[in-house]
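Engineer: What follows is a protein structure lacking sequence information:
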């Protein structure tokens, strides 16, 4: 029996359609974490030559490191053209590469808003990046809502600006481990005690079952405002590291759920 070859030398002889599928399969989805620059008018970046100044954009990005894109687009001319057609360049400041612009695939990559989310933040992003906003299929939102003048329903209503959005992931983070009942009590003015407004309750004086209540509100918004709108499905994850993982969510009506406090355990456990 002939030994297996260590290299495959007939790749260029494959049909082009098959080669393009292979290039696509070799590219991994990424999470692009957006940070809002609150001091963009005073901050400047300077080129080393001539001190040419320009304003940094409203959003800065920290992309999960994955070498597949950098490697694939350098293999040959065909792979480079494939990557350029698949990715658009999001004009945010790339913190990892220290340059303006980061590559973004709206079908596979996930934009994650890191700051406490509110409708004005989403609308500001949509106004600056209308093409990217209309192309996004998945976004991730943090577990906290700010400022207190906005409610969870307000945030969900703002999702209508993402025309092709199919899924929104809520990253519960530290609010999933509030622990005691005192931490999760609802208050008419301040929500869960000591934690501000979160997706688990506070701004509307009630605890939510996630994702059941979020999707129920999205359906209500659809009926009342935009009957032709297809609301995204809602999933929840424990941390930003879990965004790209498929998360199975148990839906039990009338029960408020939180993620287990054990880092290795991502199950949902009911609150007392």
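Structural biologist: Structure's in. What do you need? Everything quoted here is computed from the prediction, not taken from an experiment.
Engineer: hey, where'd the helices end up in the stretch 51-200 of the chain?
Structural biologist: Ranges of helices in the stretch 51-200 of the chain, per DSSP state H, counting those that start in this stretch, are 68-72, 77-86, 119-128, 130-135, 152-158, 181-184.
Engineer: Need the winner for burial among the ones you listed.
Structural biologist: Using mean count of other CB atoms under 10 Å, the stretch among these with the largest mean neighbour count is helix 152-158, at a mean of 20. Quick note: C-beta positions are derived from backbone N, CA and C, even for glycine.
Engineer: low pLDDT regions in the stretch 151-272 of the chain?
Structural biologist: For the stretch 151-272 of the chain, applying pLDDT under 70 flags the ranges 174-196, 201-206, 246-272.
Engineer: out of the helices of the stretch 51-200 of the chain, which comes closest to residue 14?
Structural biologist: Nearest to residue 14 among the helices of the stretch 51-200 of the chain is helix 77-86 (11.2 Å), distances taken as CB to CB.
Engineer: which residues touch that closest one?
Structural biologist: Contacts of helix 77-86 from elsewhere in the structure, counted by CB atoms under 8 Å, 6 or more residues apart in numbering, are 19, 20, 23, 24, 27, 69, 72, 73, 74, 103, 105.
Engineer: let's see 7 Å
Structural biologist: By CB atoms under 7 Å, 6 or more residues apart in numbering, the list of residues contacting helix 77-86 from outside reads 19, 20, 23, 69, 72, 73, 105.
Engineer: same thing with stretch 220-231?
Structural biologist: Residues lying outside stretch 220-231 but in contact with it, judged by CB under 7 Å, 6+ apart, are 156, 157, 160, 218, 219.
Engineer: Dump these into CSV; add distance to residue 79 as well.
Structural biologist: CSV is the format used below for the contacts of stretch 220-231 (distance: CB to CB, whole Å):
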residue, distance to residue 79
156, 40
157, 42
160, 37
218, 39
219, 43
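Engineer: so which of those comes closest to residue 59?
Structural biologist: Sorting the contacts of stretch 220-231 by how near they are to residue 59, with CB to CB, puts residue 160 at the top with 20.4 Å.
Engineer: Check the burial of the closest one by counting its neighbours.
Structural biologist: Taking other CB atoms under 10 Å as the criterion, the count of residues near residue 160 is 16.
Engineer: That one and residue 172, how far apart?
Structural biologist: Between residue 160 and residue 172 the distance is 23 Å, computed by CB to CB, to the nearest Å.
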